[in-house]
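Asker: this one's sequence-less:
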């Protein structure tokens, strides 16, 4: 691995900006489309984008490797469930009840969940004082964020926040399962994961949402396209390129950027408000991410 240069920092900012913008695109999309249709479009368009990227940017000998390598389709199905199907539905569903800035804060718990769960599923991982402290600080932040909403008409807010936390937990499980993948190019693996994940999502969306009866406007349609092409396609290509060139430790910094970009874009473009407890929660979760960096891990939204 080499030291990161200016281009790498630019790519890191780009990935953080793209994944941070997903909350804005989700909010615009669910104004017209049901969350199931949003999830189906994101995963299917992401599959098409990654397939195009592999076709247009082949590595020397990658075509032969793809044809000869035995693909772990059972593992792809498991990863598709927890990395594509569940979180891509739960997050926009939760955003029906939660501001995009709050969703960005809650989704920052992905690496915290990963630290807690990795020792259960990964042989060489073990719990440590750093991991425990990171988890305690992070989940204290979640409580600071969630508990003040337990008043008045609180049920919808709490259910929405729990749905987004469920999406974060699912993303974390996806990261852990990805560690079990054999020597398969990461972009190829994600293409296959999205291909598998798009099949049930598209079928379910066609059955339950009848999307052809909807009347989308340009903004909601472009938001769906951005979720698929940028958030589920290009961002993964850039993310894995960074991991391969400068390593996971540097690339894991994207976790901070996703949260910060997501929060400030929600405030700037959607007029989201942050209350005192929201700011404290954000500070605690970012502190937990910082602590977690002392135990090497990767994070994606």
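Answerer: That came through, no problem. Since this is a predicted model, take the numbers as computed values, not measurements. Numbers count the residues shown, from 1 in each chain.
Asker: touching, residue 226 and residue 25? I think so.
Answerer: Yes: taking contacts as Cβ atoms under 8 Å, residue 226 lies within contact range of residue 25: 4.9 Å. Yep, even glycine has a C-beta here, placed from its N, CA and C like the rest.
Asker: neighbour-wise, which of the two wins?
Answerer: Taking neighbours as other Cβ atoms under 10 Å, residue 226 and residue 25 compare with residue 25 leading, 25 against 22.
Asker: ok, then the element right after the helix or strand hosting the more buried one?
Answerer: Per DSSP states H and E, residue 25 falls inside helix 6-29. Next helix or strand after helix 6-29 toward the C-terminus (DSSP H and E): helix 35-56.
Asker: pull out the buried positions in that following helix.
Answerer: By 16 or more other Cβ atoms under 10 Å, the buried positions in helix 35-56 come out as 35-51, 53-54.
Asker: and it, what does it pack onto?
Answerer: When contacts are defined as 3 or more Cβ pairs under 8 Å, 6 or more residues apart in numbering; DSSP states H and E, helix 35-56 packs onto helix 6-29, helix 86-94, helix 186-208, helix 218-226, helix 235-246.
Asker: ok now the helix or strand that the second one is followed by, how far from the chain's centre?
Answerer: Heading C-terminal from helix 86-94, the first helix or strand you meet, by DSSP H and E, is helix 100-107. Between the centre of helix 100-107 and the centre of its chain there are 12 Å (Cα atoms, centre = their mean, to the nearest Å).
Asker: how about stretch 280-292?
Answerer: Offset of stretch 280-292 from its chain centre (Cα atoms, centre = their mean): 18 Å.
Asker: contacts for that stretch next, please.
Answerer: The contact list for stretch 280-292 (Cβ atoms under 8 Å, 6 or more residues apart in numbering) reads 105, 108-109, 111-112, 115, 130-131, 133-135, 137-138, 140-142, 144-145, 255-256, 259-260, 263, 274, 299.
Asker: only whichever of those residues are buried, select them in PyMOL.
Answerer: Remark: buried members of those, expressed as a PyMOL selection using 16+ other Cβ under 10 Å:
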select buried, resi 105+108+109+111+112+115+131+133+134+135+137+138+140+141+142+144+145+255+256+259+260+263+274+299
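Asker: so which of the contacts of stretch 280-292 belong to helices?
Answerer: 105, 111-112, 115, 130-131, 133-135, 137-138, 140-142, 144-145, 255-256, 259-260, 263 (DSSP state H).
Asker: who's in contact with the nearest residue in space to residue 232 that is not next to it in sequence?
Answerer: Spatial nearest neighbour of residue 232, chain neighbours left out: residue 46 (2.6 Å); criterion: Cβ to Cβ, 6 or more residues apart in numbering. Listed by Cβ under 8 Å, 6+ apart, the contact partners of residue 46 are 84, 194, 198, 228-229, 231-233, 236.
Asker: closest one of those residues to residue 173?
Answerer: residue 84 (11.8 Å; Cβ to Cβ).
Asker: for the stretch 1-150 of the chain, which spans come out with low pLDDT?
Answerer: Along the stretch 1-150 of the chain, segments meeting pLDDT under 70 span 1, 58-69, 149-150.
Asker: re earlier: can you lay out the helices and strands packed on helix 35-56 as CSV showing distance to residue 269?
Answerer: Output for the helices and strands packed on helix 35-56, formatted as CSV (distance: least, Cβ to Cβ, whole Å):
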stretch, distance to residue 269
helix 6-29, 6
helix 86-94, 17
helix 186-208, 26
helix 218-226, 12
helix 235-246, 19
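Asker: so which of those comes closest to residue 72?
Answerer: Residue 72 lies closest, by Cβ to Cβ, to one member of those: helix 186-208, at 8.6 Å.
Asker: just the buried positions in that closest one, please.
Answerer: By 16+ other Cβ under 10 Å, the buried positions in helix 186-208 come out as 186-198, 201-202, 204-205.
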